[in-house]
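>>> sequence unknown, structure follows:
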């Protein structure tokens, strides 16, 4: 399971207060009773000692990675969630990569068997103020999961480590495969012994090779989700660009042709939807796919003035 998050607003709130205070200063003594209550409620805690500017929690289930130019913003401890916030002089992408590499050395791994970065079809871009794409991680023998997000801030990035623990969750990894609490058990529970397997595994085993589609020059591309089965795969993205929608279509068709896909003539519906049938010879069989491009209209958004929105979809397999 892959997730994509915008800038962690709570982290930013805490960062502004924490960076202005030395690690040992009595932040709360400078606040009114109403200000203290509001800050604690915003942080999601009920006690001041759970809000730790410039400090780590007393216990952590992982060793905090050391990032380039790192400074500790602080931490927030909740009943089932612990947040640790740091700043780094590295870019969000570089900071997240360094953090994940350090965690991998300690035995942390992706909690779910998602496609590798090389199998992502639409290359995404991350506008300023948004975080990188993150994945839940787990470590055998450690209950719960860990997620690392990184967002752009002046001078580098802000990295948030989010530790999630839930009553009844097994210490197995992936933790979602078994639950000890009977309240969570039913006929469809993962703990019934069904192995975890990514739906793309069956397609990859037949020799299917997914294309890699770079973003159009100057475009902002964001994820729109994916759907899977044992015999098909579809993924979606939104492109915001100053280019005409037909230029976006031509860009992706050119990238597909360069990777061995044969393209039929584009068809356009009365609503403006372009659909192109694709074929490629892979794994000793002919693969069929479609590329769909739909121009959309939407209210103007900050920073989006003058940009066209185009929704794109690539689907391959028996059903598309």
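Noted; the coordinates are in hand. Keep in mind that this is a model prediction, so the values were computed, not measured.

>>> for the stretch 51-200 of the chain, what are the low-confidence residue spans?
For the stretch 51-200 of the chain, the stretches with pLDDT under 70 are 112-120, 126-133, 167-199.

>>> in it, which spans are helices?
92-105, 200-205 (DSSP state H, counting those that start in this stretch).

>>> most tightly packed of the ones you listed?
helix 92-105 (a mean of 18; mean count of other Cβ atoms under 10 Å). For glycine as for every other residue, the C-beta is placed from the backbone atoms N, C-alpha and C.

>>> so how far is that helix off the chain centroid?
Distance of helix 92-105 from its chain centroid, counting by Cα atoms, centre = their mean, to the nearest Å, is 14 Å.

>>> about what we covered before: could the helices of the stretch 51-200 of the chain go into CSV alongside distance to residue 72?
Shown next, in CSV, are the helices of the stretch 51-200 of the chain (distance: least, Cβ to Cβ, whole Å):
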stretch, distance to residue 72
helix 92-105, 14
helix 200-205, 39
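
>>> how about these, which one is nearest residue 238?
Residue 238 lies closest to helix 92-105 among those, at 20.0 Å (Cβ to Cβ).

>>> which other helices and strands contact the closest one?
Packing contacts for helix 92-105, counted by 3 or more Cβ pairs under 8 Å, 6 or more residues apart in numbering; DSSP states H and E, involve strand 130-139, strand 142-153, strand 156-164.

>>> show me what that helix is in contact with.
62-63, 65-68, 88, 90, 126, 131-132, 134, 137, 146, 148-152, 156-157, 159, 161 (Cβ atoms under 8 Å, 6 or more residues apart in numbering).

>>> could you double-check that residue 233 sits in contact with residue 315?
Yes - contact criterion Cβ atoms under 8 Å: residue 233 and residue 315 qualify, at 7.1 Å.

>>> quick one: closest of the helices of the stretch 51-200 of the chain to residue 45.
Closest to residue 45 of the helices of the stretch 51-200 of the chain, according to Cβ to Cβ: helix 92-105, at 24.2 Å.

>>> re earlier: quick one: which of residue 233 and residue 315 has more around it?
Each of residue 233 and residue 315 has its neighbours counted (other Cβ atoms under 10 Å); residue 233 has more, 26 against 19.

>>> which residues touch the more buried one?
Shown in contact with residue 233 (Cβ under 8 Å, 6+ apart): 199, 200, 203, 210, 226, 227, 315, 316, 317.

>>> could I get the residues you listed as JSON lines with distance to residue 96?
Listed next are the contacts of residue 233 as JSON lines, based on distance: Cβ to Cβ, whole Å:
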{"residue": "199", "distance to residue 96": "26"}
{"residue": "200", "distance to residue 96": "23"}
{"residue": "203", "distance to residue 96": "28"}
{"residue": "210", "distance to residue 96": "23"}
{"residue": "226", "distance to residue 96": "21"}
{"residue": "227", "distance to residue 96": "26"}
{"residue": "315", "distance to residue 96": "29"}
{"residue": "316", "distance to residue 96": "29"}
{"residue": "317", "distance to residue 96": "31"}
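
>>> lowest-confidence entry in these?
Across the contacts of residue 233, the smallest pLDDT goes to residue 199, namely 59.

>>> would you confirm that residue 235 contacts residue 312?
No - look at residue 235 against residue 312 with Cβ under 8 Å: they stay out of range, at 9.1 Å.

>>> now do the shared contacts for these two.
residue 122.

>>> buried residues, stretch 271-291. List them.
274, 275, 276, 278, 280, 282, 287, 289, 291 (16 or more other Cβ atoms under 10 Å).

>>> could you dump those into a markdown table with pLDDT, distance to residue 34 and secondary structure added?
As requested, those are exported to a markdown table (pLDDT from 0 to 100; distance: Cβ to Cβ, whole Å; DSSP: H, G, I helix; E, B strand; the rest coil):
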| residue | pLDDT | distance to residue 34 | secondary structure |
| --- | --- | --- | --- |
| 274 | 95 | 56 | strand |
| 275 | 96 | 58 | strand |
| 276 | 96 | 60 | strand |
| 278 | 96 | 61 | strand |
| 280 | 94 | 64 | strand |
| 282 | 88 | 64 | strand |
| 287 | 91 | 63 | strand |
| 289 | 95 | 59 | strand |
| 291 | 96 | 56 | strand |
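
>>> tell me the one of those residues nearest residue 53?
The shortest approach to residue 53 among the buried residues of stretch 271-291 belongs to residue 291, at 49.8 Å (Cβ to Cβ).
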